[in-house]
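1. pasting the structure only:
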């Protein structure tokens, strides 16, 4: 068997440390203390929604909503006292709900999350936060205005390994960083295909009108539900949307990236229906104060950075998902919850710098504490909104088909007015923010 990168190398990472400060503030909600449970309503309870439900089962689940009756029935087995809904808009009328978890296809993230925010309910929303750039900007703004606790579902943000990597980079361990590579093994669903021509009957367990929601109405097809929707532009955001908020997170945080100046992409053939089979996206960021300009390159669909950047031997497998920071003093590889400094021989006596970022009690725990009046969760929408914008810019470059000169403040492609329809799409009649 070939050696793997994991077995060959000594990884440098620290164990998680709970921070008491996360739970220090008084409660602001109906709950009288941090020990009281929140009343939760979940929008989407199948697949990842079922996982979120399991991880939040220590709270008081009072409402379950899903357009697929099979998912709804399965969830109700573990929470028989929760009220059941097919339409999240009706669920949000239930007055005793304190906080909402949104785990549905990307195209309906924003409309569901915004409806909850406007009712003063706290929101946990899966990644990517939204389907469109405009939606990400609006959700972040609404969360601030309504003073609700929010968290995006990029769970690795709470990991000790990621926070350690951010500390090392910001402490200058590898020197100023001018180059970052980020990659994934996605897509693991069909992409680069055209719309199905047949229209099979809608299964009785699915409310197809509600599943479509804000997207253009299309006939039901198993090519979309329950999982393959990720590759379709009308519903999902492709490989970059699925994994970018995880893998680019460390670079966005540690390097304070903000808005790029330009974004360009190359890929397999692009069509109007689905994301391409593979893509390489290049973001160029200007200097930020004392931080130098940075080039961030994204790879998916089997495309990868040069193996020599990772010091890979011939018989070593390339990590499926990861990011590599190239500094003037060395390189940092972050993958699979572990960090490694390269070249290996240079760091044998490495001593990590002091910890400057509070360690997390858990991604869900951060949000629950924030809902009860504690400090803001680390991936709240003020952070997650701009991170999502950065990720979705890559898709914008793919769809426009040329290098974009980006005006982040005004959400405009200066040289590509045709990009406007992707920055802010039109919703189906009856759906809005």
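-> Received, thanks. What you see is a predicted model, and the numbers here were worked out from it, not measured in a lab. Residues are numbered from 1 along each chain as shown.
2. Report how many residues lie close to residue 185.
-> Applying other Cβ atoms under 10 Å, we find 15 residues neighbouring residue 185. Any C-beta I mention is one placed from the backbone N, CA and C, and that applies to glycine too.
3. Please apply the same query to the one 10 residues further on.
-> Counted with other Cβ under 10 Å, the burial measure for residue 195 works out to 14 neighbours.
4. doesn't residue 234 make contact with it?
-> No - with contact defined as Cβ atoms under 8 Å, residue 195 does not count as touching residue 234 (9.5 Å).
5. measure stretch 400-416 end to end?
-> 8 Å (Cα to Cα, to the nearest Å).
6. So, low pLDDT: which residues of the stretch 201-350 of the chain?
-> The model of the stretch 201-350 of the chain has pLDDT under 70 over residues 314.
7. That one: helices as residue ranges?
-> Secondary structure of the stretch 201-350 of the chain by DSSP state H, counting those that start in this stretch: the helices cover 208-212, 238-247, 249-254.
8. Kindly list the longest helix within the chain.
-> Across the chain, the longest stretch assigned as helix under DSSP state H is helix 381-400.
9. If you count contacts, what does that helix end up packed against?
-> Counting contacts by 3 or more Cβ pairs under 8 Å, 6 or more residues apart in numbering; DSSP states H and E, helix 381-400 is packed against helix 133-146, strand 150-152, helix 238-247, helix 249-254, strand 262-267, strand 279-285, strand 404-407, helix 420-423.
10. List the buried residues for stretch 199-212?
-> By neighbour count with 16 or more other Cβ atoms under 10 Å, stretch 199-212 contains the buried residues 206, 208, 210-212.
11. again with stretch 286-294
-> Those buried within stretch 286-294 under the rule 16+ other Cβ under 10 Å are 291-292, 294.
12. quick check, nearest of those residues to residue 199?
-> Using Cβ to Cβ, residue 294 comes nearest to residue 199 of the buried residues of stretch 286-294, at 47.1 Å.
13. The closest one and residue 181 touch, don't they?
-> No - judged on Cβ under 8 Å, residue 294 makes no contact with residue 181 at a distance of 11.4 Å.
14. Any chance of a markdown table for the helices and strands packed on helix 381-400, columns mean neighbour count?
-> A markdown table is the format used below for the helices and strands packed on helix 381-400 (neighbours: other Cβ atoms under 10 Å):
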| stretch | mean neighbour count |
| --- | --- |
| helix 133-146 | 20 |
| strand 150-152 | 31 |
| helix 238-247 | 26 |
| helix 249-254 | 24 |
| strand 262-267 | 20 |
| strand 279-285 | 21 |
| strand 404-407 | 19 |
| helix 420-423 | 16 |
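15. Including distance to residue 361, could those go into CSV?
-> Formatted as CSV, the helices and strands packed on helix 381-400 follow (distance: least, Cβ to Cβ, whole Å):
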stretch, distance to residue 361
helix 133-146, 22
strand 150-152, 13
helix 238-247, 20
helix 249-254, 19
strand 262-267, 36
strand 279-285, 32
strand 404-407, 37
helix 420-423, 37
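16. Can you add distance to residue 68 and give the buried residues of stretch 199-212 back as CSV?
-> What follows is the buried residues of stretch 199-212, written out as CSV (distance: Cβ to Cβ, whole Å):
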residue, distance to residue 68
206, 5
208, 10
210, 10
211, 8
212, 13
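17. Overlap of the contact sets of residue 195 and residue 234?
-> Common neighbours of residue 195 and residue 234, using Cβ atoms under 8 Å, 6 or more residues apart in numbering, are 218, 273.
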